[in-house]
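Trainee: no sequence on hand, only this structure:
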């Protein structure tokens, strides 16, 4: 290993296991700063756990749907007879690994599927990139729909997120929009002037690869034999994401009055928080909810209630990911053992 490669490996280790955990801790400190922890715990204990269980189950149904959707592009590549259980378990592995190492879940998912089904990891990674591109498009659609239905709330969320102020935007305080617009124009001008030099940077190539991947993904779906089934699964997956928040809202008396549009807004805010590369969205999700929920302006939803809602929702999905992920790892190992045993018999 060269000195450059060694330095790169050390840097990666420091970022993943030192800086990102510190970021998560910092965000947790921000989220719970000034909160009454005893009151939050009291509110969590008083929740209706029937609806919490429904949110738990809905989260796992999303994993099942992702696993079933994954089979479609794999079959279009010629891999027939893939076990649905293996596909679902490989997807479930993604999330338990992401709880430990951010963004490592996709590779772990492909490795798990390779162990269970023998499909080359390189071919599997291509399909995962396709799925990620589609999910980015769905998140974009979710943001757009939320802006249409909850413009005032999204504007207030953006204002508080960018300024870290606790007040709400007013006609006089709206100058932050001008700042954002100027920043976009300045960045665009810089990119245009230095476009030739930027083409040789790592960031440029990553953006280019991501954009190309999205376009390729859309074209691939258009050519799929069962493209509408893929689209149907994708819509169903995002409906499950919505229902996770919907059921959790009924777990607390104070949040039971949330409208359908309010729940869409909270789903979108939570989705944006997941873009922060910390383990399992820890801290990022709580901070986003601390900022986002009070914006709804519902008197019954105090800051403590908002944080209890965010904490229980995040904890429920984390427990679901840990429990189902642990089972999935065992089942993937068993599937690998059975597959290797069959190969040994065929050779003998």
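Mentor: Arrived safely, thanks for sending. None of the values given here were measured: they were computed from a predicted structure.

Trainee: ranges for the helices of the stretch 201-348 of the chain?
Mentor: 202-223, 227-249, 260-273, 284-292, 303-347 (DSSP state H, counting those that start in this stretch).

Trainee: with respect to residue 18, which of the ones you listed lies nearest?
Mentor: Closest to residue 18 of the helices of the stretch 201-348 of the chain, according to Cβ to Cβ: helix 284-292, at 17.2 Å. Bear in mind the C-beta positions are built from the backbone N, C-alpha and C, glycine included.

Trainee: buried stuff in the closest one?
Mentor: Using 16 or more other Cβ atoms under 10 Å as the test for burial, helix 284-292 gives 284-292.

Trainee: what does it rub up against?
Mentor: Helix 284-292 is contacted by residues 24, 27-28, 30-32, 153, 157, 160-161, 265-266, 269-270, 272-274, 276, 278, 303, 306-307, 309-311, 313-314 when judged by Cβ atoms under 8 Å, 6 or more residues apart in numbering.

Trainee: and residue 302, how many neighbours?
Mentor: Residue 302: 16 surrounding residues under other Cβ atoms under 10 Å.

Trainee: same check on the one 3 residues further on?
Mentor: The burial count assigned to residue 305 is 20, neighbours taken as other Cβ under 10 Å.

Trainee: for residue 297, same thing?
Mentor: With other Cβ under 10 Å as criterion, residue 297 counts 10.

Trainee: got it, and residue 318?
Mentor: The local packing of residue 318 (other Cβ under 10 Å) involves 19 other residues.

Trainee: quick check: the residue nearest to it when sequence neighbours are not counted vs residue 132, distance?
Mentor: Leaving aside its sequence neighbours, residue 318 sits nearest to residue 280 (Cβ to Cβ, 6 or more residues apart in numbering; 5.9 Å). In this structure, residue 280 and residue 132 are 17 Å apart, going by Cβ to Cβ, to the nearest Å.

Trainee: look at the two and report which has more neighbours.
Mentor: More crowded of residue 280 and residue 132, by other Cβ under 10 Å: residue 280, with 21 against 15.

Trainee: ok, that one - contacts?
Mentor: Shown in contact with residue 280 (Cβ under 8 Å, 6+ apart): 95, 98-99, 318, 321.

Trainee: how about those residues, which pair is most distant?
Mentor: Pairwise distances across the contacts of residue 280 peak at 10.6 Å for 98 and 318 (criterion: Cβ to Cβ).

Trainee: what's the spacing between the residue most central in space within the chain and residue 58?
Mentor: Centroid-nearest residue in the chain: residue 274, 4.5 Å away (criterion: Cα atoms, centre = their mean). Residue 274 sits at a distance of 17 Å from residue 58 (criterion: Cβ to Cβ).

Trainee: try residue 153
Mentor: According to Cβ to Cβ, residue 153 and residue 58 sit 23 Å apart.

Trainee: how about residue 18?
Mentor: Distance from residue 18 to residue 58, counting by Cβ to Cβ: 35 Å.

Trainee: next: residue 307.
Mentor: 22 Å.

Trainee: now residue 298
Mentor: Separation of residue 298 from residue 58 (Cβ to Cβ): 23 Å.

Trainee: show me where pLDDT drops low in the protein?
Mentor: Scanning the chain for pLDDT under 70 picks out the ranges 1, 4-5, 164-181, 183, 191-192, 194-222, 348.

Trainee: give the buried residues for stretch 145-163.
Mentor: Applying 16+ other Cβ under 10 Å to stretch 145-163 flags 146, 150, 153-160 as buried.

Trainee: nope, stretch 90-103 is what I was after
Mentor: 90-99, 102.

Trainee: residue 242: which of these is nearest?
Mentor: Residue 242 lies nearest to residue 95 out of the buried residues of stretch 90-103, by Cβ to Cβ, at 18.2 Å.

Trainee: residues contacting that closest one?
Mentor: Contacts of residue 95 by Cβ under 8 Å, 6+ apart are 63, 105, 280, 321, 325.

Trainee: swap in residue 344?
Mentor: Counting by Cβ under 8 Å, 6+ apart, residue 344 has no contacts.

Trainee: and it, how far is that from residue 160?
Mentor: Residue 344 is 60 Å from residue 160, by Cβ to Cβ.

Trainee: same for the helix or strand containing residue 162, what does it pack against?
Mentor: Element membership of residue 162, judged by DSSP states H and E, is helix 151-163. In terms of contacts (3 or more Cβ pairs under 8 Å, 6 or more residues apart in numbering; DSSP states H and E), helix 151-163 is packed against helix 121-149, helix 175-193, helix 260-273, helix 284-292.

Trainee: what's the offset of that helix from the middle of its chain?
Mentor: 21 Å (Cα atoms, centre = their mean, to the nearest Å).

Trainee: what angle sits between that helix and helix 260-273?
Mentor: Calculated by axes from the mean of the first three to the mean of the last three Cα atoms, to 10 degrees, helix 151-163 forms an angle of 30 degrees with helix 260-273.

Trainee: helix 151-163 vs helix 284-292, what angle?
Mentor: 120 degrees.

Trainee: could you check the angle helix 121-149 makes with helix 151-163?
Mentor: Angle, helix 151-163 to helix 121-149, by the same axes, to 10 degrees: 120 degrees.
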